[in-house]
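Peer 1: predicted structure and sequence below. I'll ask about it afterward.
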Amino acid sequence: MEWWKDAIIYQIYPRSFQDSNGDGIGDIPGIISRLDHLQELGVGAIWLSPVYKSPNADNGYDISDYREINPEYGTMEDMERLIREAKNRNIRIIMDLVINHTSTDHYWFRQSRDRTSEYADYYYWRHGNPDGSLPNNWTGFFGEDCWEFDPQRCEYYLHLFAKSQADLNYHNPAVLEEVKDILRFWLRKGVAGFRCDVINILWKESLESGKKKLALTGSEHYLSLEGTHEILRQLREVLDEYGAFTVGETVFVTPRQARDLCGADRKELDMVFSFEHMECDQYFIKWFKRKFRPKAFFDCLSKWQRELDWNAIYLENHDQPRSIPRFGSAEYWKESGKLLAMLALTLRGTPFIYQGQEIGMMNFDFDRMRQLNDVESKNVERVLRRFHIPRRLRWKIIARTSRDNARTPFQWTGERGAGFTDTRPWLGVNHNCEQINLAQQETDPDSIWSWYKDLAALRGGSEVLRRGAFTPLEANNQVFVYRRELNGEALTIVLNFSGKPAQTAQRGRVLRSNVGRESFDGQLGPWEAVILE
Ligand code: TEU
Ligand code: CA
């Protein structure tokens, strides 16, 4: 029971993991060929970003058939083989469940364009206002307005994300029944659970205009509302028949709202991805970057550790820039990469490692818009242009925040194509693959990869690290110190988030050091990290 409290979960972005057939696109046979890598790391489950049929406006987060595999990624047989082969290695498969919206290519949506069809109310259709304005003043997640006119139906449909991602209407009970069937379909195939995309915005209480805001005008009408809780409880009944696990991606949640979504007594989700710790390097919204503030970051992590019994711990995913240049230091690449690994693997909760994090992959090295694929970056570029932001500044904003930063192909080797593909990849390989790649790190006991394996094993063998209580001890703009404790046994984790020397009052026997230190007198070098007994 609750296997997910002891496991490390690894996120795969299938398009960028491993190409097996020379078309430049990662695929399921490619994933199967790399399962040994994941077993070596010691992961208990894989979260697969979407592999369903999709026109790829948002790389699979726009699903056109929930029961088919995207042919670019392989066949249903390949998927079934992946589930089996992973199981042989004691690795579970968690699917991405994207049910806030479907692609406008989905059969439901195409039917829905006809007002007399049985699918007419599967989406939010509304007339524009008599004065010609949109049905309401809401703004979407990708920076634009969120209504699109459909000439066939002569109405607008709601899309909180890209134009081709139409929001499903859960006021129509048939929609939830469809979703339950989709869950059963995959659970019968042996998947262990779901990562539920933007799950706390499913229920739109009303479609009235909202209070004008810098971003997401209208969100008070759909963020974490009771209607969503009801939907989750219903889905949970299906999930419980199979003992399935869920982690919800929950945008703009407070700890209190998060508890209501994943508290053990709530019978909704098992845990949630919160976002607050990802906001310590921004003003208001992610497009306005500021200098990273370590203290705010530590305080935020401590707060979530205190407020929730169990957290989904992550520093990276397919929507966020890479963690080393963001929270660590490019100059101290190895030290800070190892320090961040220690943070991710010693907090209380389930650690999620995003592909490439375990070898210290960095942000893309593109220098112009044309090299990008991300629909969000493209939309935002358009908005910035509308506001007459000059090209140089536009690029600066996009380059620092684009989701493509984390989506460049996995760097298996230092060759051209990085061992990901032998042809032109769908998104450019980072030129630093000559320095940063798995092949090189595998032969180096001091590499970031070796360190991840070591810490994962340490965690696996340590009940204190897996289940112990968390107590923050010190947090300033440089040093973060906390203790994990269980049945009288305690470990102290000391992290120096800076290139300058630091000090702490902590003493103890060194269990792990990212700089090979054997004894500890309270002095820390740049980006030094230790676990003390
Ligand atoms: O992301 C939802 C989300 O709110 C953000 O992380 C979003 O990607 C954006 O950065 C907001 O500025 C989820 C998926 O993880 C993302 O890849 C999808 O694009 C999105 O939902 C829509 O399905
Ligand atoms: Ca391929």
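Peer 2: Everything's here; your move. Residues are numbered from 1 along each chain as shown. Ligands and ions are numbered 1, 2, ... in the order given.
Peer 1: for the helix or strand of the chain with the lowest mean pLDDT, give me every contacting residue.
Peer 2: Within the chain, no helix or strand scores below strand 285-289, which has a mean of 92 by mean pLDDT, DSSP states H and E. Contact partners of strand 285-289, identified using Cβ atoms under 8 Å, 6 or more residues apart in numbering, comprise 143, 214, 215, 279, 281, 282, 283, 380, 397, 400, 401. Every C-beta, even on glycine, is put in place using the N, C-alpha and C of the backbone.
Peer 1: what residues are up against residue 5?
Peer 2: 310, 350, 466, 467 are the contacts of residue 5 under Cβ under 8 Å, 6+ apart.
Peer 1: and these as a markdown table, adding secondary structure and pLDDT?
Peer 2: Supplementary listing: these in a markdown table, determined by DSSP: H, G, I helix; E, B strand; the rest coil; pLDDT from 0 to 100:
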| residue | secondary structure | pLDDT |
| --- | --- | --- |
| 310 | coil | 98 |
| 350 | strand | 98 |
| 466 | helix | 98 |
| 467 | helix | 98 |
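Peer 1: most neighbours among those residues, which one?
Peer 2: Scoring the contacts of residue 5 on neighbours with other Cβ atoms under 10 Å, the highest-scoring entry is residue 350 at 23 neighbours.
Peer 1: hey, what's it bridged with?
Peer 2: residue 312 (DSSP bridges).
Peer 1: direction included, what does the least confident helix or strand of the chain pair up with?
Peer 2: Going by DSSP bridges, the partners of strand 285-289 are strand 282-283 (antiparallel).
Peer 1: quick check: mean pLDDT of the strand it pairs with?
Peer 2: When pLDDT is averaged over strand 282-283, the result is 94.
Peer 1: do it and ligand 1 meet at all?
Peer 2: No. With Cβ under 6 Å from any ligand atom as the criterion, ligand 1 is not reached by strand 282-283; the gap is at least 10.8 Å.
Peer 1: pull the residues that contact that strand.
Peer 2: In contact with strand 282-283 (Cβ under 8 Å, 6+ apart) are residues 288, 289, 290.
Peer 1: mind putting the residues you listed into JSON lines with distance to residue 393 and neighbour count?
Peer 2: Formatted as JSON lines, these follow (distance: Cβ to Cβ, whole Å; neighbours: other Cβ atoms under 10 Å):
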{"residue": "288", "distance to residue 393": "12", "neighbour count": "12"}
{"residue": "289", "distance to residue 393": "12", "neighbour count": "16"}
{"residue": "290", "distance to residue 393": "15", "neighbour count": "10"}
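Peer 1: nearest to ligand 2, of those residues?
Peer 2: residue 289 (34.2 Å; Cβ to the ion).
Peer 1: quick one, phi psi at the residue nearest the centre of the chain?
Peer 2: When Cα atoms, centre = their mean is applied to the chain, the residue found nearest the centroid is residue 317 (3.7 Å). The phi/psi pair for residue 317 (degrees, to the nearest 10) reads phi -160, psi -170.
Peer 1: and what of residue 150?
Peer 2: Torsion angles, degrees, to the nearest 10, at residue 150: phi -110, psi 110.
Peer 1: list the buried residues of stretch 316-330.
Peer 2: Across stretch 316-330, burial judged by 16 or more other Cβ atoms under 10 Å covers 316-329.
Peer 1: ok, the contacts of strand 282-283 vs residue 47, which is closest?
Peer 2: Residue 47 lies nearest to residue 289 out of the contacts of strand 282-283, by Cβ to Cβ, at 27.0 Å.
Peer 1: now do that closest one against residue 283, distance only.
Peer 2: 8 Å (Cβ to Cβ, to the nearest Å).
Peer 1: relative to ligand 1, which of the contacts of residue 5 is nearest.
Peer 2: Nearest to ligand 1 among those, counting by Cβ to the nearest ligand atom, is residue 350 at 17.4 Å.
Peer 1: hang on, that closest one packs against residue 4?
Peer 2: Yes. Using Cβ atoms under 8 Å, residue 350 is in contact with residue 4, at 5.6 Å.
Peer 1: now for the two: what residues contact both?
Peer 2: residue 271.
Peer 1: from the stretch 201-350 of the chain, which residue is nearest to ligand 1?
Peer 2: residue 319 (3.8 Å).
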